[in-house]
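Peer 1: quick one, fold the following:
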Amino acid sequence: MESEYREMLLLTGLDHITDEELKRFKYFALTEFKIARSTLNPADRTELADQLIQSAGAASAVTKAISIFRKLNYMNIANALEEKKKEAERKYTTNTKKRGAQKVENRSQAENGSVASATHSDKDSKEPSATEVCPQAKPKKKQMVAEQEAIGKDLQKDSLVVMVLKAINPFECETQEGRQEIFHATVATQTEFFYVKVLNVQFKDKFVPKKTIQISNYLWHSHFLEVTSSSFVADVDHKVHVPSNIIKRAGETPKISKLKTQPCGTIVNGLFKVQKITEQKDRVLYGIHDKTGTMEVLLLGNQSKPKCEEGDKIRLTFFEVSANGVKTQLQSGPCSFFKVIKAAKPKTEVKSVE
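Peer 2: Numbers count the residues shown, from 1 in each chain. Here you go, the predicted structure:
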């Protein structure tokens, strides 16, 4: 995938702007990518593409570039680049599903061949009963169904070695398995960071900051990883070197102006200041703000209980970018976590009594 992202960033994006437009792009890239001016300014288009990917990771570099093109009002380039990115991701997802489905089909054919051979060798029997075949076939069938369902969510059996950056304490929420304890974590490789939803609290002792672990048999979603009871998590002896810029990006609260450019479904973690609160029966609407703009946070259901006042801050974990008409907002889901951080009250002056 990285080679495809690299190609589209250069051929669909940077190659279609003039030298003057390239200077303007670099101006915004200084802030967006945290690249030194002395390195960025002399770079040609090819060198710039390499620098962007080195700084943010391949997929993130394309997303950030699209955001900059939009700021500059180069909408044709931004739209073309976004379409290329979506097309590549769709192709990757389709191929992953096909490979998984082919594995299941091959396994099914092998099992059917074994059953057919067993039936043929037993041809002297008058009428083989169904129970002679089904005790072995039924568990296999259940396994195949489970694997096919997992393929729909992109089951990743290959291991991913990562360093744990952060993990919150377990909390209860509603899942497909009913009400259970889960927790969220952030992990990183040498080139990118990922949000992780962990549905098995027994893995909590593995998700310790600065610890290197290996994850396999996990589910890959478009914006996060999901670790289930069927996943495998193990300690790793060697360390993963994660660049400081990736660690910094993983811990930063995204700017509101940037959130408004993200596609629906993007997972958001961060600390935001509240300037307005609108309470309703089964939801609370928080107006948040920073130096780049304002936005709304929709907190649904029972999660709307925490007492919050204007001026307080709210820490959001695993919220999603969603659309409310033409407006973009952040919305809680069943597995979101919400915490109120009270604003410090000003100290009152104590007058001395003479």
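Peer 1: close enough to count as contact, I168 and F183?
Peer 2: Yes: assessed by Cβ atoms under 8 Å, I168 is found in contact with F183 at 5.7 Å. In short, each C-beta sits where N, CA and C put it, glycine included.
Peer 1: and those two? which has more neighbours close in?
Peer 2: Applying other Cβ atoms under 10 Å to I168 and F183 shows that F183 carries more neighbours, namely 22 against 18.
Peer 1: surely the more buried one is within a helix?
Peer 2: No: using DSSP: H, G, I helix; E, B strand; the rest coil, the assignment for F183 is strand, not a helix.
Peer 1: who does it form a beta bridge with?
Peer 2: F183 forms beta bridges with V198, as assigned by DSSP bridges.
Peer 1: surely it meets K166?
Peer 2: No: contact criterion Cβ under 8 Å: F183 and K166 do not qualify, at 10.6 Å.
Peer 1: what's stretch 317-332 in contact with?
Peer 2: Contact with stretch 317-332 is made by 168, 184, 195, 197, 224, 259-260, 262-269, 288, 295-301, 303, 316, 333, 335-339, as judged by Cβ atoms under 8 Å, 6 or more residues apart in numbering.
Peer 1: quick one: average pLDDT of it?
Peer 2: Stretch 317-332 carries an average pLDDT of 89.
Peer 1: and stretch 219-236, by the same measure?
Peer 2: The pLDDT scores in stretch 219-236 average 90.
Peer 1: pull the helix or strand with minimum mean pLDDT from this protein.
Peer 2: helix 134-151 (a mean of 40; mean pLDDT, DSSP states H and E).
Peer 1: helices or strands up against the next helix or strand after that one?
Peer 2: Downstream of helix 134-151, the first helix or strand assigned by DSSP states H and E is strand 155-156. Packing contacts for strand 155-156, counted by 3 or more Cβ pairs under 8 Å, 6 or more residues apart in numbering; DSSP states H and E, involve strand 218-220.
Peer 1: which neighbours does the strand it packs on have in its sheet, and in what orientation?
Peer 2: strand 155-156 (antiparallel), strand 225-227 (antiparallel).
Peer 1: show residues contacting the helix or strand just after the shortest one.
Peer 2: In this case it means strand 155-156. Per DSSP H and E, strand 155-156 leads on to strand 160-167 as the next helix or strand towards the C-terminus. Residues outside strand 160-167 that contact it (Cβ under 8 Å, 6+ apart) are 183-189, 193-194, 198, 204, 206-216, 218, 225, 236, 239-240, 242, 247, 250-251.
Peer 1: tell me the buried residues within the residues you listed.
Peer 2: Neighbour-count burial (16 or more other Cβ atoms under 10 Å) is assigned, among those, to 183-189, 193-194, 198, 206-207, 211-213, 215, 218, 225, 240, 242, 247, 250.
Peer 1: among these, which lie within strands?
Peer 2: Those of the buried ones among the contacts of strand 160-167 mapping onto strands are 183-188, 193-194, 198, 212-213, 215, 218, 225, per DSSP state E.
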